[in-house]
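**Q** what would the 3D arrangement of this be:
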Amino acid sequence: MDYAKYQRLLSEKVETSFVQWSQQKTVTESELYTFLHTLKGTSGTIGLTDLAEFCSAHLDILSPEDEAGIPVSSLKNFKKNIRMLVNGSEKKDRGNLVPDVYSQRFDQNTFVLVIDNDLEFISFVKDLLEQLGAQVLVALNGARGIQQFYDMKPNLLMIDLELPDMTGIDVYRKIQETASDRHVISMLMSSSRTDDVIIQTYEAGMMDCIRKPLDLRLFLPYLFNRETLRKTIGQSITTDGLTGIGNRKRLSEVLEYFEKMAIRAGEPFSVVMIDLDHFKSVNDTYGHHTGDEVLKRFSSIALQVKRETDGIFRFGGEEFVLVISGGEEKAFTLTERLHSAFNEQEFQAGGRTFSVTFSAGIAEYAHNTDELLVEADQALYQAKRSGRDRTAVYEKAMAEMKRRLQVIIVDDDLLIRTMLEEELAGWTLPGVDLSVRLFEDGVSFLAADWYDSETSFIVLLDGIMPGMDGLEVLERLKRRKDANNILVSMMTARTSDEDIKSALRLGADDYLMKPFQKEDVLARIQNLASRMF
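**A** Numbers count the residues shown, from 1 in each chain. This is a model prediction of the structure:
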């Protein structure tokens, strides 16, 4: 069939849209999504496969619901490429953006957030960083970028100077304290890298100011340098940046010392594992800044209550560990003093007053520190099962009372379900009873009696399914009042119309790009499980 007539009509339609945009000066993200969605379907039908692929790649970045305005002036290269592809010219495949020696140079712990409203640039950077092995999220405006920063906790941040709703410097000023506490590597990107811009960048607390367009000969060594710095900081610093108490590295050092003393001199010691009750609801209701204040207050009180010979450490998130010189009785007495002191605290936010409690589990050293932490965690689990806001002391019977984790796979593809089930069959977690459950669609999943308040859930949710798509299932899951023990990872294909940003906005905790390797899925599940346990 001769598609020339239809391609000419499509070209005219595209130009009409471009003229309309220029008259508006800005185009909303949702309008751009609709434009590309329609263009993809038409171009694929009339033989413009390169254009259809171009649209698919950009649909992966845009949101169909975001009404934030994108300046038309920032779409110059975007429009140029569409015109070229509408006229049947081939767009060069980016292929490998980096030499093979640099492929997968980063690991899954390298988590980058890119905040920029230039679609071509952000698509290029996302491909580049993913080829390097990093996990990448994107935001097209400052407000969304700030939300992604607090929700997803990236450790490397790239922000453009000129955003549609605020400057990149303004974005960083709003998150500077938390970014500093987390030791986030931060850079401002600007095509006008003047002395004034550089000065403002440094005064705002950002680490670097990078010139656009990127020169990969310089940019790649810069990235590797900063990644090395990030890892060095993480390995060397033994103090938690937010609370000022010891971190997990320091905890390991102290446990090693206490163990040597126990073996050499027979001096007993105990561990108290502490978890702030319903902390996620504090963040959801009052915001992350208020949640940070709760963590700081708890740490401050624990420092006052503990003895000089004891140690307090942040284990991760809202979990803390006390190392007590003495047996379980001394540990119990000190923990109850901490209960009394912390329960009296009142917090103010949004015109409301609230308080927070904690649950604790105690175990006394007997064999090795790894086993000691598992036993304290099992005692903590018992305290939470018994109603929270209490302390439980480890007993041997608790070893049979494991935490429960169920991985639920919701996908209409039988092959995917079977493959993931087999991969998970041989995976174990210390102190955790793991099970897997499969559903072929969202309707049957939501209708089933699968929920249990005493079980933690990781839901692998396909984005496109018959009857009810993954986004609707996700939205219903996150509306549940009892969703604190549910983490959701969306599974989506790059060539699909599914939009990762929409999933994240609805509360997805992670996402997986199809096609994927089985090993990658297991690694992501392990990362999600580490948030729970």
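**Q** from now on I want contacts and neighbour counts done on CA atoms only, so please keep to that.
**A** Noted.
**Q** did I read that right, residue 406 in a strand?
**A** Yes. When classified by DSSP: H, G, I helix; E, B strand; the rest coil, residue 406 is found to be part of a strand.
**Q** my guess is it meets residue 435, correct?
**A** Yes. The criterion here is Cα atoms under 8 Å, and residue 406 meets it with residue 435 at 4.7 Å.
**Q** quick one: which of those two has more around it?
**A** residue 406 (20 against 15; other Cα atoms under 10 Å).
**Q** what does stretch 257-273 rub up against?
**A** By Cα atoms under 8 Å, 6 or more residues apart in numbering, the list of residues contacting stretch 257-273 from outside reads 319-328, 331, 335, 360-365, 368-369, 372-373, 376-377, 380.
**Q** got a ChimeraX select line for the buried ones in the residues you listed?
**A** To isolate the buried ones among the contacts of stretch 257-273 in ChimeraX, judged by 16 or more other Cα atoms under 10 Å, type:
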select :319,320,321,322,323,324,325,326,327,328,331,335,360,361,362,363,364,365,369,372,373,376,377,380
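**Q** among the contacts of stretch 257-273, name the ones in strands.
**A** 319-325, 360-364 (DSSP state E).
**Q** excluding chain neighbours, what is closest to the spatially most central residue of the chain?
**A** The geometric centre of the chain, computed from its C-alpha atoms, lies nearest to residue 152 (Cα atoms, centre = their mean), at 2.9 Å. Nearest residue to residue 152, sequence neighbours excluded (Cα to Cα, 6 or more residues apart in numbering): residue 509, at 7.6 Å.
**Q** ok, the one you found touching residue 488?
**A** Yes. Residue 509 lies in contact with residue 488 (Cα under 8 Å); the separation is 5.4 Å.
**Q** ok, those two, which is more surrounded?
**A** A count of neighbours by other Cα under 10 Å puts residue 488 above the other of residue 509 and residue 488, at 24 against 18.
**Q** in its sheet, what does the helix or strand where that one lies sit against?
**A** Here residue 488, judged by DSSP states H and E, is contained in strand 486-493. In the sheet, strand 486-493 lines up against strand 455-462 (parallel), strand 510-514 (parallel) (DSSP bridges).
**Q** how about stretch 387-405: buried residues?
**A** Buried, per 16+ other Cα under 10 Å, within stretch 387-405: 388-394, 398, 402-403, 405.
**Q** same deal with stretch 176-191?
**A** 176, 178-179, 182-190.
**Q** how far does it sit from the chain's center?
**A** With Cα atoms, centre = their mean, to the nearest Å as the basis, stretch 176-191 stands 16 Å off its chain's centre.
**Q** rounded mean pLDDT for it, please.
**A** Average pLDDT, stretch 176-191: 90.
**Q** so what touches it?
**A** Under the contact criterion Cα under 8 Å, 6+ apart, stretch 176-191 has outside partners 154-162, 168-169, 201, 204-213, 226, 230, 233, 240-242.
**Q** again with stretch 510-528
**A** For stretch 510-528, contacts defined as Cα under 8 Å, 6+ apart pick out 419-420, 423-424, 458, 487-494, 500, 504.
**Q** swap the cut-off to 10 Å and go again
**A** Here stretch 510-528 makes contact (Cα atoms under 10 Å, 6 or more residues apart in numbering) with 108-109, 135, 152, 407, 416, 419-420, 422-424, 427-429, 457-463, 487-496, 500-501, 503-504, 509, 529-530.
**Q** on that earlier part again, give me the mean pLDDT for the strand holding residue 488.
**A** 84.
**Q** also stretch 12-32?
**A** Stretch 12-32 comes out at a mean pLDDT of 87.
**Q** which residues touch it?
**A** So stretch 12-32 is in contact with 6-10, 35-37, 39, 58-59, 61-75, 79, 82-83, 86, 117, 140-141, 164, going by Cα under 10 Å, 6+ apart.
**Q** just the ones of those residues in strands?
**A** Using DSSP E, the contacts of stretch 12-32 in strands are 69-71.
**Q** quick one: which of these is most hemmed in?
**A** Ranked by neighbour count (other Cα under 10 Å), the ones in strands among the contacts of stretch 12-32 have residue 70 at the top, with 23 neighbours.
**Q** look up how far residue 165 lies from that one.
**A** Distance of residue 70 to residue 165, given as Cα to Cα, to the nearest Å: 9 Å.
**Q** so what's in contact with those two at the same time?
**A** 140-141.
**Q** okay, stretch 180-187 in CSV with CA atoms only?
**A** Provided in CSV are the C-alpha atoms of stretch 180-187 (Å, rounded to 0.1, in the frame of the first residue of the first chain):
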residue,chain,number,x,y,z
SER,A,180,22.8,17.1,53.1
ASP,A,181,21.8,14.6,55.8
ARG,A,182,21.7,11.8,53.3
HIS,A,183,25.0,12.9,51.6
VAL,A,184,23.3,13.1,48.2
ILE,A,185,25.6,13.9,45.3
SER,A,186,23.9,17.0,43.7
MET,A,187,24.6,18.9,40.5
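**Q** mind checking which of the buried residues of stretch 176-191 land in strands?
**A** Using DSSP E, the buried residues of stretch 176-191 in strands are 185-190.
**Q** next one: residue 130, what pLDDT does it get?
**A** pLDDT, residue 130: 86.
**Q** tell me which residues touch it, please.
**A** Counted by Cα under 10 Å, 6+ apart, residue 130 has contacts 103-106, 112, 136.
**Q** at 8 Å what do you get?
**A** residue 136.
**Q** in the host helix or strand of it, what's buried?
**A** Here residue 130 sits within helix 119-131, counting by DSSP H and E. Across helix 119-131, burial judged by 16+ other Cα under 10 Å covers 119-120, 122, 125-131.
**Q** adding distance to residue 47, write those residues out as CSV.
**A** Shown next, in CSV, are the buried residues of helix 119-131 (distance: Cα to Cα, whole Å):
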residue, distance to residue 47
119, 24
120, 23
122, 27
125, 28
126, 27
127, 25
128, 28
129, 31
130, 29
131, 29
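**Q** list the buried ones in stretch 206-222?
**A** So stretch 206-222, judged by 16+ other Cα under 10 Å, has buried residues 206, 209-210, 220.
**Q** distance between the ends of it?
**A** End-to-end distance for stretch 206-222: 15 Å, by Cα to Cα.
**Q** switch to numbering from 375
**A** Okay, using 375 as the starting number, the last item reads as stretch 580-596.
**Q** who touches that stretch?
**A** So stretch 580-596 is in contact with 546, 559-567, 572, 575-576, going by Cα under 8 Å, 6+ apart.
**Q** closest to residue 722 out of those residues?
**A** Checking the contacts of stretch 580-596 against residue 722 with Cα to Cα, the nearest one is residue 546 at 25.2 Å.
**Q** which SS state does the closest one fall under?
**A** Assigned with three-state DSSP, residue 546 falls in the helix class.
**Q** can you count the residues close to it?
**A** Per other Cα under 10 Å, the neighbour tally for residue 546 reads 24.
**Q** grab the nearest non-local neighbour of it.
**A** That would be residue 578: by Cα to Cα, 6+ apart, it lies 7.1 Å from residue 546.
**Q** so how many other residues sit close to the one you found?
**A** Residue 578: 16 neighbours (other Cα under 10 Å).
**Q** do you know how far residue 783 is from residue 833?
**A** Distance of residue 783 to residue 833, computed by Cα to Cα: 6 Å.
**Q** cool, and residue 660?
**A** 26 Å.
**Q** so for these two, which sits in the more crowded spot?
**A** Set side by side, residue 660 and residue 833 show more neighbours around residue 833, with 24 against 15, by other Cα under 10 Å.
**Q** partner residues bridging that one?
**A** Going by DSSP bridges, residue 833 forms beta bridges with residue 782, residue 862.
**Q** who are the contact partners of it?
**A** 781-784, 860-863.
**Q** show the pLDDT at it.
**A** pLDDT, residue 833: 93.
**Q** who touches residue 528 in this structure?
**A** Residue 528 neighbours (Cα under 8 Å, 6+ apart): 484-487, 558.
**Q** go again with 7 Å.
**A** By Cα atoms under 7 Å, 6 or more residues apart in numbering, the residues touching residue 528 are 485-487.
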